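Q: Here you go, sequence then predicted model.
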Amino acid sequence: MLNVGKIEEGFVLDHIEAGKSLSLYHHLQLDKLDCPVAIIKNARSNKKGKKDILKVECDINTLNLDVLAFIDHNITVNVIKDGKIVDKRELTLPKEIRNIIKCKNPRCITSIEQGLPHIFVLSDEKKEIYRCKYCEEKCSKRL
């Protein structure tokens, strides 16, 4: 039995699709923070069989919920204060995302203008389709 200690203040990301925690770690830029991070891969789950969990001891405001929701809006975000869960945040797909993904259209203005932000807008919530704000290029949501 693996035992990872509790955290005093921070967040626990639960119900991450098995094998996706390292990708999430990099996209949330947790590698740039100077705080304890526990990555639990392939933990047993009654719902999914296997899941990943991320435990991060830092200020909850450092977490970019838009990035997290874009990657997987089914992840559970547990906010921890004084060693106890004080809030559970539900994620919804963001209406707009900036600089999370890059437009792959070679004719898009973002290919020419290097300083321009890559902005994608949610065009179909049911199918989870995002389109480039500049050229309408469709983006596959999965990272």
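A: Ah, there it is. Numbers count the residues shown, from 1 in each chain.

Q: Low-confidence regions, this structure specifically.
A: Within the chain, the stretches with pLDDT under 70 are 1-4, 140-143.

Q: Show the residue spans covered by the strands in it.
A: 10-17, 37-45, 49-56, 76-81, 84-89, 96-98, 119-124, 129-132, 138-139 (DSSP state E).

Q: Just checking the distance from the last one to the centre of its chain.
A: Just to be clear, that refers to strand 138-139. Remark: strand 138-139 is offset 18 Å from the chain centroid, using CA atoms, centre = their mean, to the nearest Å.

Q: circling back to that earlier point, any chance of the strands of the chain in CSV, with distance to Val67 and mean neighbour count too?
A: (Each C-beta comes from the backbone N, C-alpha and C, glycine too.) Listed next are the strands of the chain as CSV, based on distance: least, CB to CB, whole Å; neighbours: other CB atoms under 10 Å:
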stretch, distance to Val67, mean neighbour count
strand 10-17, 12, 20
strand 37-45, 16, 15
strand 49-56, 13, 20
strand 76-81, 12, 17
strand 84-89, 14, 12
strand 96-98, 8, 15
strand 119-124, 12, 16
strand 129-132, 13, 20
strand 138-139, 14, 18
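
Q: can you put the ones you listed in a markdown table and add distance to Asp31?
A: Formatted as a markdown table, these follow (distance: least, CB to CB, whole Å):
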| stretch | distance to Asp31 |
| --- | --- |
| strand 10-17 | 15 |
| strand 37-45 | 8 |
| strand 49-56 | 11 |
| strand 76-81 | 19 |
| strand 84-89 | 22 |
| strand 96-98 | 20 |
| strand 119-124 | 24 |
| strand 129-132 | 25 |
| strand 138-139 | 24 |
